[in-house]
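Q: Structure for the following, please:
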Amino acid sequence: MAGKSLTAKVSKVRALVDSFVPAVAFRKLHGILYALEVQVADGKYQHHAVVRLCEALLATAELYDIPDGLAGQLEEAACAVVALVEDRR
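A: Okay, the predicted model is just below:
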């Protein structure tokens, strides 16, 4: 059950990143997101890796001209992933 909630939170991040178009313009974000998805896929994630990938995702997002509303949603979603991982520590 716990793994499913983490996967659901990462899926929310995926949905937000997928909403940034054209996708090719945001390929760095997609690459980091893919690494995050692989990290949590089997439920045997490394805490520090998930946290750092979320940090990298947000730092990279700052390089793009993402509307404030979407940027805020992305930050909330990524922080929710980190919070869940921190709570399980």
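Q: any idea how far residue 41 is from the residue lying closest to residue 50 once chain neighbours are set aside?
A: Closest residue in space to residue 50, ignoring its immediate chain neighbours: residue 85 at 4.9 Å, by C-beta to C-beta, 6 or more residues apart in numbering. Any C-beta I mention is one placed from the backbone N, CA and C, and that applies to glycine too. Residue 85 is 14 Å from residue 41, where distance means C-beta to C-beta, to the nearest Å.
Q: rewinding a little: run through the residues that contact the residue nearest to residue 50.
A: 6, 45, 47, 50, 51 (C-beta atoms under 8 Å, 6 or more residues apart in numbering).
Q: would you list those residues in CSV and tack on distance to residue 58?
A: Output for the contacts of residue 85, formatted as CSV (distance: C-beta to C-beta, whole Å):
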residue, distance to residue 58
6, 18
45, 18
47, 17
50, 13
51, 11
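Q: Run through this structure and note the low-pLDDT ranges.
A: By pLDDT under 70, the low-scoring segments of the chain are 1-3.
Q: which helix in it runs the most residues?
A: The longest helix of the chain (DSSP state H) is helix 68-87.
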